[in-house]
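*Asks:* got a predicted structure plus its sequence, pasted below:
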Amino acid sequence: MKTILDHRQISLSIKRLAHQLLENHVEMKDTVVIGIQPRGIFLSDRIVKEIRKEMGENFFYGKLDITFYRDDIRKNIHVPNHTDISFSIEGKNVILIDDVLYTGRTIRAALDALMDYGRPEKVELLSLIDRRYSRQLPIQPNYTGKMIDSIVSQKVKVMWIEKDGRDEVILLEETEG
Amino acid sequence: MTLSTRHLLGIKDLSQQDISLILQTAHQFKEVLQRPIKKVPSLRDITIVNLFFESSTRTRISFELAEKRLSADTINFTASGSSVSKGETLLDTVNNILSMKVDMVVLRHGASGAPHFLAKHIPAAIINAGDGINEHPTQALLDALSIIEKHETLDGIKVAIIGDIMHSRVAQSNIYLLKKMGAEVTVCGPPTLIPKYIDKAFDVRVEYNVQKALEWCDVANVLRIQLERQNQVLFSSLREYSLAYGINKQMLNNLPKKITVMHPGPINRGVEMDSDVADSDQSIILQQVENGVAVRMAVLYLLSNRPVS
């Protein structure tokens, strides 16, 4: 087991990501933030908290579950989480947020799900960890906390205080499960 | 987490976890039904046949909508006008349909146990949409979802099931489900329409006085008199039944608390309940119908992971 980011580094990365996002969306005008269920929400909650420090509450924040759009549904049935998008995304700039970008399949499903809510002007992707050599689809993030060059047998786990008792990103070898 | 069964033949076979999983999944599908595009691609590789050997409005439309909103391909079959009238057996009919590569079967049949029989002989996943006087599991699940939406839980909720308990598959499925989920159940109706020893067999209370049942309950689930299944005279007339067991608005108004009124449909207005009861703000009859689509989507989705190879 190897620590990739400790809690202080996570906190700094989140502040930087929120500020990068604001640089591109200065007034957050026509911009909405959507976290991907289940584990992207821990990250999106904190990014949104940072943006609100600068901008207040005048932008929409939603949560998207992609279970019904997965491409591996015949292999395994997953239990859905709650989707909460109580605003229109038609013509909006959507910032999708997930904790780890790995094969790109989750984001593919999220894009499909998103289109069922309307036609956004533009979709951007923010992820804390980018496992850049593991992509199976042509999908790249616009904002990245840290890039990791890991192999398939390794596992990256992002742990959050709310869920796992501490903030830490770790790299596990296969044998460590 | 998946269901412990590969068919939905009855609530009898489901565990508490299965029921919770279906209701939890249905809750998420309710959100899907609020979207601008009320459709997800989950079952786009699945073909479903709706086999209806008995008449149905709500259940058939509800299943078909659920299938379409999951992107499944659907075939509708009704017994009238089919080769059943030429003497084809149920198993032959189904095997012929399955040879056209169908993955799931939704079956309504007048014979109790028909879906159980099919499940033994064919490889497709089977969903019981009502079999004779046995079970109607998706109705009980949508009733449960509707009660939870109103009362937040099933645990400790007092449900009175009023009417033709003897011939009602809705009553039987509801009793199984409510008892498994910790609700209290009273069945109420004329003695001739309540099976003997039901109190011991199902651990429910029996009440012959509808006023007392209403005073006891939080939720009254009122059933239709199944005249088509009664081949003997069990009460003198519908008018007499209505006078003794029909529910009117005044009875509701005189109760100490505001109870919830349910009905699985079709309603015979003026027999088991009056119009002003069915249309009152205490009635959740139309919410039940709305929840039916989400519950059936959940059942189809959760059973779709074992397609025919």
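*Replies:* Thanks, I have it. Numbering: from 1, shown residues only, chains lettered A, B, ... in the order given.
*Asks:* drop to CA atoms for contacts and neighbour counts, all remaining ones
*Replies:* Fine.
*Asks:* surely residue B:4 meets residue B:19?
*Replies:* No: Residue B:4 lies out of contact with residue B:19 (C-alpha atoms under 8 Å); the separation is 10.3 Å.
*Asks:* looking at these two, which has the bigger crowd around it?
*Replies:* Shown here are residue B:4 and residue B:19; by other C-alpha atoms under 10 Å in any protein chain shown, residue B:19 has more neighbours (19 against 12).
*Asks:* and the more buried one, how far from chain A?
*Replies:* 13 Å (C-alpha to the nearest C-alpha, to the nearest Å).
*Asks:* what residues are up against that residue?
*Replies:* Residues in contact with residue B:19 (C-alpha atoms under 8 Å, 6 or more residues apart in numbering or on different chains) are B:141, B:177.
*Asks:* ok, stretch B:35-50 near chain A or not?
*Replies:* Yes: applying C-alpha under 8 Å from any C-alpha of the partner chain, one finds stretch B:35-50 in contact with chain A at B:35-42.
*Asks:* got the CA positions of that stretch in CSV?
*Replies:* What follows is stretch B:35-50, C-alpha atoms only, in CSV (Å, rounded to 0.1, in the frame of the first residue of the first chain):
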residue,chain,number,x,y,z
ARG,B,35,-37.3,13.3,-16.3
PRO,B,36,-37.9,15.0,-19.7
ILE,B,37,-37.0,11.7,-21.3
LYS,B,38,-38.6,9.0,-19.2
LYS,B,39,-36.6,6.2,-20.5
VAL,B,40,-33.3,4.4,-19.7
PRO,B,41,-31.5,1.9,-21.9
SER,B,42,-31.0,-0.9,-19.3
LEU,B,43,-33.1,-3.6,-21.0
ARG,B,44,-32.5,-2.7,-24.7
ASP,B,45,-31.2,-6.2,-25.4
ILE,B,46,-34.1,-7.9,-23.7
THR,B,47,-37.4,-9.1,-25.3
ILE,B,48,-40.4,-9.5,-23.1
VAL,B,49,-43.7,-11.2,-23.9
ASN,B,50,-46.9,-10.1,-22.0
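*Asks:* number of residues surrounding residue A:72?
*Replies:* Residue A:72, neighbours per other C-alpha under 10 Å, totals 12.
*Asks:* so it, which state does it fall into?
*Replies:* coil (DSSP: H, G, I helix; E, B strand; the rest coil).
*Asks:* helices of chain A, start to end?
*Replies:* Using DSSP state H, the helices of chain A run over residues A:7-24, A:40-55, A:105-115, A:161-164.
*Asks:* centre of the chain versus stretch B:30-39, how much separation?
*Replies:* Per C-alpha atoms, centre = their mean, to the nearest Å, the displacement of stretch B:30-39 from the mean C-alpha position of its chain is 23 Å.
*Asks:* now do the host helix or strand of residue B:120: everything it contacts.
*Replies:* Using DSSP states H and E, residue B:120 maps to helix B:114-121. Contact with helix B:114-121 is made by B:7, B:9, B:91, B:107, B:109, B:125-128, B:131, as judged by C-alpha under 8 Å, 6+ apart.
*Asks:* may I have the phi/psi pair for the residue of the stretch 101-250 of chain B found nearest chain A?
*Replies:* When distances are taken as C-alpha to the nearest C-alpha, the stretch 101-250 of chain B reaches nearest to chain A at residue B:103, 12.4 Å away. The phi/psi pair for residue B:103 (degrees, to the nearest 10) reads phi -100, psi -30.
*Asks:* that one against residue B:50, yeah?
*Replies:* No: Residue B:103 lies out of contact with residue B:50 (C-alpha under 8 Å); the separation is 11.3 Å.
*Asks:* where do the strands sit along the stretch 51-200 of chain B?
*Replies:* Remark: strands assigned in the stretch 51-200 of chain B by DSSP state E, counting those that start in this stretch are B:73-78, B:104-109, B:125-131, B:158-162, B:184-188.
*Asks:* any chance of these in JSON lines, plus distance to residue B:212, mean pLDDT and mean neighbour count?
*Replies:* Shown next, in JSON lines, are the strands of the stretch 51-200 of chain B (distance: least, C-alpha to C-alpha, whole Å; pLDDT from 0 to 100; neighbours: other C-alpha atoms under 10 Å in any protein chain shown):
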{"stretch": "strand B:73-78", "distance to residue B:212": "42", "mean pLDDT": "92", "mean neighbour count": "15"}
{"stretch": "strand B:104-109", "distance to residue B:212": "35", "mean pLDDT": "96", "mean neighbour count": "24"}
{"stretch": "strand B:125-131", "distance to residue B:212": "30", "mean pLDDT": "97", "mean neighbour count": "26"}
{"stretch": "strand B:158-162", "distance to residue B:212": "10", "mean pLDDT": "98", "mean neighbour count": "26"}
{"stretch": "strand B:184-188", "distance to residue B:212": "9", "mean pLDDT": "98", "mean neighbour count": "24"}
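*Asks:* ok, which of the ones you listed comes nearest residue A:157?
*Replies:* Smallest distance to residue A:157 across the strands of the stretch 51-200 of chain B (C-alpha to C-alpha): 36.9 Å, for strand B:125-131.
*Asks:* and residue B:192, which of the helices of chain A is closest to it?
*Replies:* Of the helices of chain A, the one closest to residue B:192 (C-alpha to C-alpha) turns out to be helix A:105-115, at 53.5 Å.
*Asks:* just give me how far that closest one sits from the chain centre.
*Replies:* The chain centroid and the centroid of helix A:105-115 are separated by 12 Å, computed with C-alpha atoms, centre = their mean.
*Asks:* so which bits of that helix are buried?
*Replies:* Neighbour-count burial for helix A:105-115 flags A:105-110, A:112-114 (criterion: 16 or more other C-alpha atoms under 10 Å in any protein chain shown).
*Asks:* among those, which ones lie close to chain B?
*Replies:* The subset of these within reach of chain B, by C-alpha under 8 Å from any C-alpha, is residue A:113.
*Asks:* next to chain B in this structure, residues from chain A, please.
*Replies:* With C-alpha under 8 Å from any C-alpha as the criterion, chain A meets chain B at residues A:68-70, A:73-83, A:113, A:116-118.
*Asks:* now the buried members of the residues you listed.
*Replies:* The neighbour-count criterion (16+ other C-alpha under 10 Å) marks A:68-70, A:73, A:77-78, A:80-83, A:113, A:116-118 among those as buried.
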